[in-house]
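**Student:** Sequence isn't available, so here's the structure alone:
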């Protein structure tokens, strides 16, 4: 049985790996991660923008899984506390060179 912290770490790393570690590292100034406890699993999200960071103008930041979001490249997954199984949800991946 995993703790939330263990599952979160696994999930964020899985999302980074799905997007490509080098890609995420290249744009680390414009990436974002989020996570939450959903009862029987941890929910994780990593988003990446290739555009320069814009100044914060206030309002609500929405981390949606769509190519039109602030983070056009993203991966999200759930990590089960029971066994660490990873289930990927919506993923918008960069084209590999």
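**Tutor:** In hand now; what should we look at? Here the structure is a predicted model, which means the values were calculated and not measured. Numbers count the residues shown, from 1 in each chain.

**Student:** tell me the secondary structure for residue 84?
**Tutor:** Secondary structure for residue 84, judged by DSSP: H, G, I helix; E, B strand; the rest coil, is coil.

**Student:** Now do the contacts for the nearest residue to it once chain neighbours are set aside.
**Tutor:** Excluding the flanking residues, the one nearest residue 84 by CB to CB, 6 or more residues apart in numbering is residue 2, at 5.6 Å. Using the backbone N, CA and C atoms, a C-beta is placed for each residue, glycine as well. By CB atoms under 8 Å, 6 or more residues apart in numbering, the contact list for residue 2 reads 10, 79-82, 84.

**Student:** before we move on, what about residue 49?
**Tutor:** Residues counted as contacts of residue 49 (CB under 8 Å, 6+ apart) are 27, 30-31, 70-73.

**Student:** quick one: the most centrally placed residue in the chain from residue 37, how far?
**Tutor:** Centroid-nearest residue in the chain: residue 46, 1.6 Å away (criterion: CA atoms, centre = their mean). As for residue 46, its distance to residue 37 is 17 Å (criterion: CB to CB, to the nearest Å).

**Student:** What pLDDT does the model give the residue lying closest to residue 52 once chain neighbours are set aside?
**Tutor:** Of all residues not flanking residue 52 in the chain, residue 30 sits nearest, at 7.0 Å (CB to CB, 6+ apart). We note a pLDDT of 88 for residue 30 in this prediction.

**Student:** give me phi/psi at residue 30?
**Tutor:** Backbone geometry at residue 30, expressed as degrees, to the nearest 10, gives phi -130, psi 30.

**Student:** Against residue 1, how distant is it?
**Tutor:** Separation of residue 30 from residue 1 (CB to CB): 36 Å.

**Student:** Comparing those two, which residue is more hemmed in?
**Tutor:** The residue with more neighbours, out of residue 30 and residue 1, is residue 30; 16 against 9, by other CB atoms under 10 Å.

**Student:** Double-check that one against residue 70; I have them as touching.
**Tutor:** No - using CB atoms under 8 Å, residue 30 makes no contact with residue 70, being 9.2 Å away.
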